[in-house]
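K.L.:
Sequence plus the predicted model coming up.
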Amino acid sequence: MRLPGTRYQEHGWEQVRKLLGRCSLLAVRRMDLRLLLDGARETEQLDIYTDALAAELRLAQRSARGDAAGNSYGESVSELATSLAFELQAQPSYWSGLAAAIASEHARHGAFWLQAGSEAMLRKKFNDMYAGLRDKVDSDNYQVATGRDCSPNKIYTYRMLDTAYREIEQLFANWQQHREQVAAILGRAAEGIPIEARQMKSIAGCKADWVIRWSESLERFSGSPGPLHTKSKRFSSLKNSPEKIAALMAEIGDYEALSANMGGVEDWRGDEDEAAAWMDDYLRVIAESEAEEEAPLPDVVDQILQPPEAEDEEEEFDLPALESSDGSDSSDGSEEDAEGGAERCASAAASHDAVQLQRDPALAAADEALAASLSLPLRFMELATAAQDGGSRMLQVLNEESLPIRLAVYQKLLGAEDESYPDAWLDPATGGLPTLQQLAALDRISMPTLRKRRNEAIDKLYAMNKGMQT
């Protein structure tokens, strides 16, 4: 969503929120939260928190998450998070609200921040504080840019309507899977492709009645009431004011059209057939490659001598050998599946790659060139290796696997995005692990080979887990 003067947009806010939450948890470790319960010391504790948070944000500004795009105006996630953190000094009432929330929780559960698993609760309280502060900052900047009155609640309303439009757009695009809900939104049966799906090219073309019916339909199709139909009075007046909804969405659409710097749809639609043909060729080549990889091979292929049995398969790429290291056993003996083992390995895995021989400058340069061609940070392999910390029995199982193979294992078991991943493992463009195609290229192997080695590594984890349970 774009509006005059605003900086915080939904596609980047998720990463800003996560960065502030993580750095806040690190910052409060330098504080005694009991002192925050004393209202007379709020200002003192705010100064301590701000200094500690600023230090953590500086350390994170070169990370994959910190360097990612935070909005469509070119500001990074780190820049937006730092700016919002320092707004606390100008808006101390939000810090007072956080202190009150912590005091209320303390009255019920005591020093809850010392209990196991309390980080999630503490992170949520910081996230709530920054969400409110975000809307306050954007509303102030909106008033400066336009000269019109705007409250934080109105900015939140703009965000809600923009989210509603995106949801309706997705439902229209996938109308065949959501026939009943689309019919409820349109107020008529959806027998074919809704003409509205082609006519609604921006939020300005979204009708207020659709938003009201969409909110009304959510309880039936998702089990929870929509934003206009909850018991909260925040948006309750809007469901009876379609003209107000239409005016707010028209304002969003007008400014997005004014500030857009991308060409029109018609400028690239002519290349659609060419792109489709290119994709057909690409998929054909991939299919042929996979079929060739799956075909049985003779014992000796394109080589004069058989390689020694103990020689690592990766030697064909002339990669420097890695020193193996004995990671400490972090297993507590409890039963856990392979996914749990992979998560512990992801968050504590590193003795294999962190202790290694001096990197060959030529190999480092080749890795940087390869990372650049994949739209990854130049030092991705170096930083991703260094980001690992600690060791475990599970790491010993995977210590012969390359870093891309291990990342492929984590992606398969935990998904592309997980809180346990170091920032250096993430692709700044997506906020998640690199794709399998990127990992295969980083390992200088084909996709089928990557999948095969990934599956073999997962089998090792299952075997280790089974052995620990017996």
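P.N.:
Sure thing, it's come through. Numbering: from 1, shown residues only.

K.L.:
Any stretches of the stretch 51-200 of the chain with poor pLDDT?
P.N.:
Within the stretch 51-200 of the chain, no stretch has pLDDT under 70.

K.L.:
Spell out the residue ranges of the strands in this protein.
P.N.:
Under the criterion DSSP state E, strands are not mapped anywhere in the chain.

K.L.:
can you list the domain ranges for it.
P.N.:
10-148, 156-260, 318-469 (automatic domain parsing).

K.L.:
Looking at these, which is nearest to Ala287?
P.N.:
domain 318-469 (10.6 Å; CB to CB). C-betas here are computed from N, CA, C, even on glycine.

K.L.:
and the closest one, what's its mean pLDDT?
P.N.:
What domain 318-469 shows for mean pLDDT is 73.

K.L.:
start at 338 instead
P.N.:
That works, and once the first residue is 338, the last one we named lands at domain 655-806.

K.L.:
So Phe423 sits against Asp388, correct?
P.N.:
No - Phe423 is beyond contact range of Asp388, at 10.9 Å (criterion: CB atoms under 8 Å).

K.L.:
how about CSV for the domains of the chain, with mean neighbour count and distance to Pro341 added?
P.N.:
Converted to CSV, the domains of the chain look like this (neighbours: other CB atoms under 10 Å; distance: least, CB to CB, whole Å):
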stretch, mean neighbour count, distance to Pro341
domain 347-485, 17, 4
domain 493-597, 16, 6
domain 655-806, 18, 27
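
K.L.:
And the closest residue to Ala482 other than its chain neighbours, how close does it get to Tyr592?
P.N.:
Take Ala482 and drop its neighbours on the chain: the residue closest to it by CB to CB, 6 or more residues apart in numbering is Gly342, 3.3 Å away. Applying CB to CB, to the nearest Å, the value for Gly342 to Tyr592 is 10 Å.

K.L.:
Please enumerate the helices of the stretch 438-587 of the chain.
P.N.:
In the stretch 438-587 of the chain, the helices defined using DSSP state H, counting those that start in this stretch lie at 456-483, 489-510, 516-523, 532-536, 545-559, 579-596.

K.L.:
out of the ones you listed, which comes closest to Lys789?
P.N.:
helix 489-510 (35.7 Å).

K.L.:
now that closest one against helix 579-596, angle please.
P.N.:
Interaxial angle, helix 489-510 versus helix 579-596 (axes from the mean of the first three to the mean of the last three CA atoms, to 10 degrees): 80 degrees.

K.L.:
Out of the domains of the chain, which is closest to Tyr619?
P.N.:
Per CB to CB, nearest to Tyr619 of the domains of the chain: domain 655-806, 10.8 Å.

K.L.:
Isn't Gly376 up against Trp432?
P.N.:
No - assessed by CB under 8 Å, Gly376 is found out of contact with Trp432, at 11.3 Å.

K.L.:
so what's Lys590 up against?
P.N.:
One thing to correct before we go on: residue 590 is Gly, not Lys. By CB atoms under 8 Å, 6 or more residues apart in numbering, the contact set of Gly590 is 539-542.

K.L.:
Mind pulling the model confidence for the closest residue to it other than its chain neighbours?
P.N.:
Of all residues not flanking Gly590 in the chain, Ala541 sits nearest, at 2.7 Å (CB to CB, 6+ apart). Ala541 carries a pLDDT value of 90.

K.L.:
Same question for the one 3 residues further on.
P.N.:
At Lys544 the predicted local confidence, pLDDT, stands at 93.

K.L.:
any idea how far Thr772 lies from Leu779?
P.N.:
Distance, Thr772 to Leu779, by CB to CB: 11 Å.

K.L.:
Which of the domains of the chain sits closest to Ala612?
P.N.:
Closest approach to Ala612 among the domains of the chain is made by domain 655-806 (17.6 Å; CB to CB).

K.L.:
just to revisit the earlier point, columns distance to Ser569 on top of the helices of the stretch 438-587 of the chain, output as TSV?
P.N.:
Converted to TSV, the helices of the stretch 438-587 of the chain look like this (distance: least, CB to CB, whole Å):
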stretch	distance to Ser569
helix 456-483	15
helix 489-510	11
helix 516-523	22
helix 532-536	29
helix 545-559	12
helix 579-596	17
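
K.L.:
Tell me which of the ones you listed lies nearest to Phe717.
P.N.:
Minimum separation from Phe717 across the helices of the stretch 438-587 of the chain (CB to CB) falls at helix 456-483, 27.4 Å.

K.L.:
ok, back up a step: does the residue nearest to Gly590 touch Met586 like I think?
P.N.:
Yes - assessed by CB under 8 Å, Ala541 is found in contact with Met586 at 6.6 Å.

K.L.:
Quick one: residues contacting Arg496.
P.N.:
338, 347, 472.

K.L.:
With Pro531 instead?
P.N.:
509, 512, 519, 523.

K.L.:
Which of the residues you listed sits closest to Pro765?
P.N.:
Phe509 (31.2 Å).

K.L.:
Chain neighbours aside, what residue packs nearest to that closest one?
P.N.:
Ala534 (3.9 Å).

K.L.:
Identify the residues contacting Pro429.
P.N.:
Neighbours of Pro429 in contact, by CB under 8 Å, 6+ apart: 379-380, 383.

K.L.:
any idea how far the residue nearest to Gly769 when sequence neighbours are not counted is from Ala406?
P.N.:
Leaving aside its sequence neighbours, Gly769 sits nearest to Ala753 (CB to CB, 6+ apart; 3.5 Å). Distance of Ala753 to Ala406, given as CB to CB: 18 Å.

K.L.:
Also Gln774?
P.N.:
Using CB to CB, we find Gln774 at a distance of 21 Å from Ala406.

K.L.:
Likewise for Tyr592?
P.N.:
Distance of Tyr592 to Ala406, given as CB to CB: 20 Å.

K.L.:
What of Asp486?
P.N.:
Asp486 sits at a distance of 31 Å from Ala406 (criterion: CB to CB).

K.L.:
just Ser433 next, same as before
P.N.:
Going from Ser433 to Ala406 by CB to CB gives 33 Å.

K.L.:
now do Lys462
P.N.:
27 Å.

K.L.:
same question, Ala584
P.N.:
Counting by CB to CB - Ala584 and Ala406 are separated by 30 Å.

K.L.:
and what of Trp350?
P.N.:
12 Å.

K.L.:
shared neighbours, these two?
P.N.:
With CB under 8 Å, 6+ apart, Trp350 and Ala406 have no common neighbours.
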